[in-house]
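K.L.:
Build me a structure from this.
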Amino acid sequence: MMMSVDDLTAFLAKEYPQLAESGDFVVDEVAPMSAKLRMRYDRRHLRPGGTISGPSMFTLADVGLYCAILGELGPVAMAVTTNLNINFLRMPGQRDLVAVCRLHKLGKRLAVGEASLVQAGPDGRETLVAHATATYSIPPRSSSGGAVI
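P.N.:
Below is the predicted model of the structure:
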């Protein structure tokens, strides 16, 4: 059951109200085995030196990949991150960041994917600022299709 952008937005607002209340994270797109999540620029995400912090970029990658998984499986709240590795490539400026997420494997128990964190420059060209790979554990599904909790 594929979830739409509106479905994902409503699900995140319900299950992760702390994320939704900030208004910083926006589901831009969901497609087969992929999703795009935008983190709106806010100075709360800055670290000393005026660049966006690693924890903020980590969150963007993690939530973006979670959205790609939910886009395929439907509202499975208990799909959890088991590993996420991130490489910080460039210091992002004080602008929105976008996680372009793609799933490589979506099995019964595990999902594996990657997130490319990109930022549009003043000239409109996108620059890759970080790259993450991640694995998620998917809870067993009941015979009716819902997750067993």
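K.L.:
what secondary structure does the residue nearest in space to the middle of the chain sit in?
P.N.:
Nearest to the mean C-alpha position of the chain, counting by C-alpha atoms, centre = their mean, stands G64 at 1.1 Å. Here G64 is recorded as helix under DSSP: H, G, I helix; E, B strand; the rest coil.
K.L.:
residue contacts, it?
P.N.:
G64 sits next to 35-37, 99-101, 115 when contact means C-beta atoms under 8 Å, 6 or more residues apart in numbering. For glycine as for every other residue, the C-beta is placed from the backbone atoms N, C-alpha and C.
K.L.:
Recalculate using a threshold of 7 Å.
P.N.:
If you count contacts by C-beta atoms under 7 Å, 6 or more residues apart in numbering, G64 has them with 35, 37, 99, 101, 115.
K.L.:
The second one and L97 touch, don't they?
P.N.:
Translated: L37. No. Counting by C-beta atoms under 7 Å, L97 is not a contact partner of L37; they are 9.2 Å apart.
K.L.:
Between these two, which is the more surrounded one?
P.N.:
Between L37 and L97, L37 has the larger neighbour count (other C-beta atoms under 10 Å), namely 29 against 24.
K.L.:
Which strand residues bridge that one?
P.N.:
Counting by DSSP bridges, L37 is bridged to V27, A99.
K.L.:
mind checking how far it is from R109?
P.N.:
24 Å (C-beta to C-beta, to the nearest Å).
K.L.:
got it, and A77?
P.N.:
Distance from A77 to R109, by C-beta to C-beta: 16 Å.
K.L.:
swap in S22?
P.N.:
In terms of C-beta to C-beta, S22 sits 32 Å off from R109.
K.L.:
Of these two, give the one with the bigger neighbour count.
P.N.:
S22 (13 against 9).
K.L.:
Can you name the residues that contact the more buried one?
P.N.:
S22 makes contact with no residue under the criterion C-beta under 7 Å, 6+ apart.
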